[in-house]
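Chemist: I'd like to go over a predicted model; first the sequence, then the structure.
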Amino acid sequence: MPNPITTADRSQLLKLAFYFEGGLAGLALLLGWITDVQPLASLHLTAAAIGVGILGTIPLFFLFLLFFRYPVGALYPIKRTLIDVLGPLLSACRWHELLLLAALAGLSEEMLFRGFLQPWIELKTGAAAGLFGSNLLFGLAHMVTPLYALLAGLIGVYLGLLFDVGEQRNLLTPVIIHALYDYLAFLVVVRAFRSGQDSSSGG
């Protein structure tokens, strides 16, 4: 079965994604300029942050595979949405385009939620409020379904905790986890979508 997404559609999709995610990064920089809380101030290229980022992705991706394989209850509509809505779009992209999308999402969203919001709320109301307040907003920003928003918020808390792992706060750790997790999840969704197409065409 031919892919219903044309080359022009794919190009438009990539442009929209880059504009949206780039807009989030721009918003983070603008808010940082207004409030003097710079979203990239804690971004440091260190081997420790890279290692924690890679290792920190493993449990998240394992849980994703578990939920994707056994979508009980309210998890099933989430799985269907990922396959039916994102599947055709992601399937039309090449692997390096998926990698770029994941990297941009990881950087821009972490700039806004961990780089700006978490420290800004901390300055106003304390560390615990910064962690949970920023991730309440992170969950609401991913309101595909109420359960999806809850899971996204919990993932955000996990990222916020790993933000502070090590001798100094380092935004690179949640950026790597977010981007790598998204990329691996994209590959799983694409595989599930194409597998469904093969089953339909063969049946």
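Modeler: Great, that's in hand. Residues are numbered from 1 along each chain as shown.

Chemist: And the residue nearest to residue 79 when sequence neighbours are not counted, its phi and psi?
Modeler: Closest residue to residue 79 apart from its sequence neighbours, by C-beta to C-beta, 6 or more residues apart in numbering: residue 71 at 4.2 Å. C-beta: built from backbone N, CA, C; applies to glycine. Torsion angles at residue 71 (phi, psi; degrees, to the nearest 10) stand at phi -80, psi 70.

Chemist: swap in residue 163?
Modeler: Residue 163 adopts backbone torsions of phi -60, psi -30, taken as degrees, to the nearest 10.

Chemist: Run a quick check on it versus residue 170, I expect a contact.
Modeler: Yes. The criterion here is C-beta atoms under 8 Å, and residue 163 meets it with residue 170 at 7.3 Å.

Chemist: any shared contact partners between these two?
Modeler: Residues touching both residue 163 and residue 170 (C-beta atoms under 8 Å, 6 or more residues apart in numbering): residue 42.

Chemist: just to revisit the earlier point, count the neighbours of the residue nearest to residue 79 for me.
Modeler: 15 (other C-beta atoms under 10 Å).

Chemist: Ok, residue 83 next?
Modeler: Residue 83 has 21 nearby residues by other C-beta under 10 Å.

Chemist: so what does the host helix or strand of residue 67 touch, helix or strand wise?
Modeler: Residue 67 is part of helix 47-69, with elements assigned from DSSP states H and E. Here helix 47-69 touches helix 75-81, helix 146-162, helix 172-202, going by 3 or more C-beta pairs under 8 Å, 6 or more residues apart in numbering; DSSP states H and E.

Chemist: For the protein, which residues score under the pLDDT cut-off?
Modeler: Confidence mapping of the chain against pLDDT under 70 gives the ranges 1-9, 197-203.

Chemist: cutoff 80 now
Modeler: 1-13, 166-167, 197-203 (pLDDT under 80).

Chemist: residues touching residue 122, list them.
Modeler: By C-beta under 8 Å, 6+ apart, residue 122 lies in contact with 129, 130.

Chemist: got a list of contacts for the helix holding residue 67?
Modeler: Identification of contacts with helix 47-69 by C-beta under 8 Å, 6+ apart yields 75, 78-79, 155, 158, 162, 165-166, 170, 172-177, 180-181, 184-185, 188, 192.

Chemist: Can you mark which positions in it are buried?
Modeler: Neighbour-count burial for helix 47-69, counted by 16 or more other C-beta atoms under 10 Å, picks out 49, 52, 53, 56, 57, 60, 61, 64, 68.

Chemist: No further questions, thank you.
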